[in-house]
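> Based on what follows, work out the 3D shape:
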Amino acid sequence: MAEFFDAAFGFPTALFTFSLLVVAVYWAFVLVGGLDMDLLGAGADADTGAGAGPEDGDGPGPGWFAFLGLGGVPGTVVLSLLIALAWFVSLAGSALLDGAFLRTLVLAVALIAAWAGTRLAVLPLRRVLRRPVEASLRDFVGLPCVIRTGRVGPDFGQAEVTAPDGSSAIVQVRQPAMDVAVAGGAQGTALTAGSHALIFDFDPAGQFFWVMPHDAAFDRPAL
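This is a model prediction of the structure:
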């Protein structure tokens with residue numbers, strides 16, 4: 001037991017031991033319902049996008065995960081896997097090897113192994129978590145909605161949409177720049193709080209819907 005603690009709290013395993021304790025406490029709170037599964041907000045890919053603010057999206061954490069090929073699943077899952085795998089590899093290496101140089105080499109191997117193992121784990125998780133969400137979001141295309149923000153533009157807007165089963169959700173919406181009303185523009189094209197709009201497309205990259213004024217959708221000439 002003493003050898004285990006020496007390895008767990010020695011270099012380089014100690015770099016991951018305390019992080020692993022935080023991860024364990026976090027998942028304990030998740031299991032009892034005290035915290036959301038995706039505390040980092042990365043789950044943009046795995047979330048429905050409902051209720052997110054205009055500033056939400058891929059922050060620094062999710063952005064780095066995507067750059068490393070680890071995107072598409074909740075950021076907390078990715079981070080937990082990285083820490084757990086790095087801790088296990090570094091613990092095994094520290095138990096087998098001794099010396100400052102070899103321990104430094106163990107740290108490098110642990111980081112690489114953690115990335116590789118997490119990437120392998122993310123591949124099936126990405127398919128499980130992302131595809132059903134995109135399918136359910138696309139079900140909103142073609143439905144009317146009510147604008148809930150003061151304005152809607154190419155980069156901002158929220159609306160309430162009611163599904164055929166009677167459930168409702170607040171979703172992110174955008175209006176194409178060419179349709180945004182300007183001074184002297186056509187009346188009825190401005191989307192403000194309380195306006196009725198029609199969802200005509202879904203952007204999977206931005207996780208938002210394209211909308212147009214409800215009446216204008218039926219006045220446009222056929223292409």
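> pLDDT score assigned to the residue lying closest to residue 201 once chain neighbours are set aside?
Distances taken as C-beta to C-beta, 6 or more residues apart in numbering place residue 210 nearest to residue 201, at 4.2 Å, with adjacent residues excluded. All C-beta spots, glycine's among them, are computed from the backbone N, C-alpha and C. On pLDDT, residue 210 comes in at 94.
> List the buried residues for the longest helix that the chain contains?
Longest helix in the chain, counting residues (DSSP state H): helix 100-138. By 16 or more other C-beta atoms under 10 Å, the buried positions in helix 100-138 come out as 103, 106-107, 109-111, 113-115, 117-118, 121-122, 125-126, 129-130, 133, 137.
> Would you map the strands across the protein?
Taking DSSP state E to define them, one finds strands in the chain at 144-147, 158-162, 168-174, 196-203, 208-213.
> List of residues touching the longest one?
Pointing back at strand 196-203 there. Residues outside strand 196-203 that contact it (C-beta atoms under 8 Å, 6 or more residues apart in numbering) are 137-138, 140-147, 152, 159, 161, 173-175, 191, 208-215, 217.
> let's see it at 10 Å
Contacts to strand 196-203, defined as C-beta atoms under 10 Å, 6 or more residues apart in numbering, come from residues 49, 134, 137-147, 152, 157, 159, 161, 171-176, 191, 208-218.
> got the angle for it vs strand 208-213?
Here the directions of strand 196-203 and strand 208-213 differ by 150 degrees (axes from the mean of the first three to the mean of the last three C-alpha atoms, to 10 degrees).
> What of the second one?
The directions of strand 158-162 and strand 208-213 differ by 90 degrees, with the same axes, to 10 degrees as the criterion.
> Mean confidence (pLDDT) on strand 158-162, please.
Across strand 158-162, pLDDT averages out at 92.
> just how off-centre is it within its chain?
20 Å (C-alpha atoms, centre = their mean, to the nearest Å).
> and it, what other elements does it pack with?
Where contact means 3 or more C-beta pairs under 10 Å, 6 or more residues apart in numbering; DSSP states H and E, strand 158-162 is packed against strand 144-147, strand 168-174, strand 196-203, strand 208-213.
> before we move on, back to that, so which of the strands of the chain is the most packed in?
strand 208-213 (a mean of 23; mean count of other C-beta atoms under 10 Å).
> okay, now the domains of the chain?
2-138, 144-219 (automatic domain parsing).
> Among these, which one carries the weakest average confidence?
domain 2-138 (a mean of 77).
> End to end on that domain, go ahead and measure it.
56 Å (C-alpha to C-alpha, to the nearest Å).
> ok now it, how far from the chain's centre?
With C-alpha atoms, centre = their mean, you get 14 Å for domain 2-138.
> coming back round to it: what's near enough to touch the residue nearest to residue 201?
141, 154, 173-176, 179, 197-203.
> rewinding a little: got the angle for the longest helix of the chain vs strand 168-174?
100 degrees.
> Show me what helix 100-138 is packed against.
Short answer (3+ C-beta pairs under 10 Å, 6+ apart): helix 100-138 packs on helix 14-31, helix 75-96, strand 168-174, strand 196-203, strand 208-213.
> closest to residue 7 out of the ones you listed?
helix 75-96 (4.3 Å; C-beta to C-beta).
> Next, residue 152: phi, psi?
Backbone geometry at residue 152, expressed as degrees, to the nearest 10, gives phi -130, psi 130.
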